[in-house]
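A.B. asks: no sequence for this one, just the structure:
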C-alpha cells in the first residue's frame, strides 16, 4: 500500500494513495507548531529522494518576533520528519516563511524560497531562494542576508547573527509569490550555479 503525506493546519498525516477521496482519518505523524496565534500557518512539504524523510517548512508567527519569541518556538524553520516513526527534528532555522521546498537534481541539495520580513523600506528585505544546510541558521529575526542586523527584535543576539548564512539568490521584496520554481525544469546554467533569466513557463 502506498501512502501520501498530507499537511493539515497543525499536523502532518498519512492517507492511502489512489483513493478518489479521503474517507478515513489517516495517521497523524507529527504535531506542527500552531496555537491561538498562528500566522504563516500554511506549510510546504517535500519528500527526500529515497522517501525516508519528509521536510516541512514552518513559517514564523510574526514579522520580526513582535509577539514574543516564546510564540516562535519551532517556527521560521524547516523540520525533518521520519514518516515511519513520527520522529522530528529541526533541520534549519532563521527562515522567516519557507514557502516552497524542492530538491536540486544534480547535487541533491534541498532548496527553499523564503518570504522575508517587512516594514524596513520599499526594497528591503528581499525575498530569497537558497540551498539549505543541515543545522544552518539564516538570520531571522535578528539579521538578514548574513550580518545585516535588524534592531527591532529585542534583546539583540550578536551570537546567532555571527553564524547567519547569506542566502544564494535575492528575488526582490515580496517576490516569492510571483516565482514559480521547478528545479527539474531549471536550465543547466542555474543548476551549475550560474544565473540567467528563468521567467516563463
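C.D. replies: Happy to help now that I have it. All figures in this text were calculated on a predicted structure; none of them were measured in a lab.

A.B. asks: Any stretches of the protein with poor pLDDT?
C.D. replies: Within the chain, the segments meeting pLDDT under 70 span 1-26, 35-42, 172-201.

A.B. asks: Start from the N-terminal end of this protein and give the helices.
C.D. replies: Assigned by DSSP state H, the chain shows helices spanning 158-161, 188-191.

A.B. asks: May I have the beta-bridge partners of residue 103?
C.D. replies: residue 110 (DSSP bridges).

A.B. asks: do residue 88 as well
C.D. replies: With DSSP bridges as the rule, residue 88 is bridged to residue 81.

A.B. asks: do the one 4 residues further on as well
C.D. replies: With DSSP bridges as the criterion, the beta-bridge partners of residue 92 are residue 78.

A.B. asks: Distance of it relative to residue 136?
C.D. replies: Distance, residue 92 to residue 136, by C-beta to C-beta, to the nearest Å: 5 Å. Where C-beta positions appear, they are placed from N, C-alpha and C, glycine not excepted.

A.B. asks: So which of these two has more stuff around it?
C.D. replies: Shown here are residue 92 and residue 136; by other C-beta atoms under 10 Å, residue 92 has more neighbours (24 against 17).

A.B. asks: show me the contacts for the more buried one.
C.D. replies: Neighbouring residues of residue 92 by C-beta atoms under 8 Å, 6 or more residues apart in numbering: 77-78, 132-138.
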